[in-house]
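>>> Quick check, what structure comes out for this input:
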Amino acid sequence: MEELNKKSDNVAAMFNSIAAKYDFLNHFLSLGIDKLWRCRLVKQLAKSNPRQVLDIATGTGDLAIQLAKHHKSVNITGVDISENMLSIGREKILKRKLEERINLKQANSLNLPFADGEFDAAMVAFGVRNFEDLSKGITEIHRVLKNGGSLYVLEFSMPSRFPMRNLYRFYFRRVLPFVGGIVSGSKSAYTYLPESVFAFPEKEKFVEIMANAGFKNCSYKRLTFGVASIYVGSK
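Alright, predicted model coming up:
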């Protein structure tokens, strides 16, 4: 447990250090495609007409804001371990006058401060790979969902075909750490990020983790030549 807490502290410190440049680098380094991926997830989630949604690893609140703008009757609670990221997110929410519908709070994904069955749906964008214990984190999300509620996860994945697979590896190992390090001032953060992508148990392996946590009807859809995937499961 001490080792897990240390990883959590390290991840929080890393995101606190790059918070000011995080949004710019996210959109710049993905060529803006990350916005389209989030839109895809939001449209899929909104079909179930949820009233209470939990956004785990909300960061600066991009996914929560996008859902609130798309689905006018939803209330969203966003949680993250980085207070600096949350501070920026709160400013963005106030600027868009969404503070009545989006609430951000600091919390760890392994110990969510919510009652059993509190939410209609949960979502995570580019955050599950940072969980200290992936299986425990997904199990905790399952706990706070209502029966019939669903989890939607957007995460990077590895393209399987040449030449996209090779280009992807080169970009994540060479370009992203170099550019991200210069702009953010933290080369270590943008070295960790690609390493966490390559270490993530994607596709069928992650679907199996969701199923073992209690989720049913688990599936995934690959996006943009397999660069990212959306995973879905229901309680």
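
>>> Roughly how far does the residue nearest to the spatial centre of the chain sit from Phe156?
A centroid search over the chain (CA atoms, centre = their mean) returns Ala125, at 2.4 Å, as the residue closest to the centre. Ala125 sits 10 Å away from Phe156, going by CB to CB, to the nearest Å. Where you see a C-beta, it was placed from the backbone N, CA and C, and this is true even at glycine.

>>> Please apply the same query to Asn16.
Distance from Asn16 to Phe156, by CB to CB: 22 Å.

>>> Settle it for me: which of these two has more neighbours?
Comparing Asn16 with Phe156 by other CB atoms under 10 Å, the one with more neighbours is Phe156, at 23 against 16.

>>> Quick check: bridge partners of that one?
Note on Phe156: beta-bridge partners by DSSP bridges are Ala228.

>>> what sits against it?
Phe156 is in contact with 126, 129, 197, 200, 202, 227-229, counting by CB atoms under 8 Å, 6 or more residues apart in numbering.

>>> got JSON lines for those residues, with neighbour count and distance to Thr58 too?
Below are the contacts of Phe156 laid out as JSON lines (neighbours: other CB atoms under 10 Å; distance: CB to CB, whole Å):
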{"residue": "Phe126", "neighbour count": "23", "distance to Thr58": "11"}
{"residue": "Arg129", "neighbour count": "21", "distance to Thr58": "15"}
{"residue": "Val197", "neighbour count": "19", "distance to Thr58": "19"}
{"residue": "Phe200", "neighbour count": "19", "distance to Thr58": "19"}
{"residue": "Glu202", "neighbour count": "21", "distance to Thr58": "22"}
{"residue": "Val227", "neighbour count": "20", "distance to Thr58": "22"}
{"residue": "Ala228", "neighbour count": "25", "distance to Thr58": "18"}
{"residue": "Ser229", "neighbour count": "21", "distance to Thr58": "20"}
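
>>> Can you name the two of those that sit furthest apart?
Largest separation among those by CB to CB: Arg129 and Val227, giving 14.3 Å.

>>> so after the helix or strand of the chain with the lowest mean pLDDT, what's the next helix or strand?
Across the helices and strands of the chain, the lowest-confidence element by mean pLDDT, DSSP states H and E is helix 2-29, at a mean of 70. As assigned by DSSP states H and E, the chain's next helix or strand after helix 2-29 is helix 33-46.

>>> pretty sure Arg143 is touching Asp116, no?
Yes. At 5.6 Å, Arg143 counts as touching Asp116 under the criterion of CB atoms under 8 Å.

>>> neighbour count winner among those two?
Arg143 (16 against 9).

>>> List the buried residues of whichever strand or helix holds the more buried one.
Counting by DSSP H and E, the element that carries Arg143 is helix 134-144. For helix 134-144, burial by neighbour count (16 or more other CB atoms under 10 Å) applies to 134, 137-144.

>>> This completes my enquiry, with thanks.
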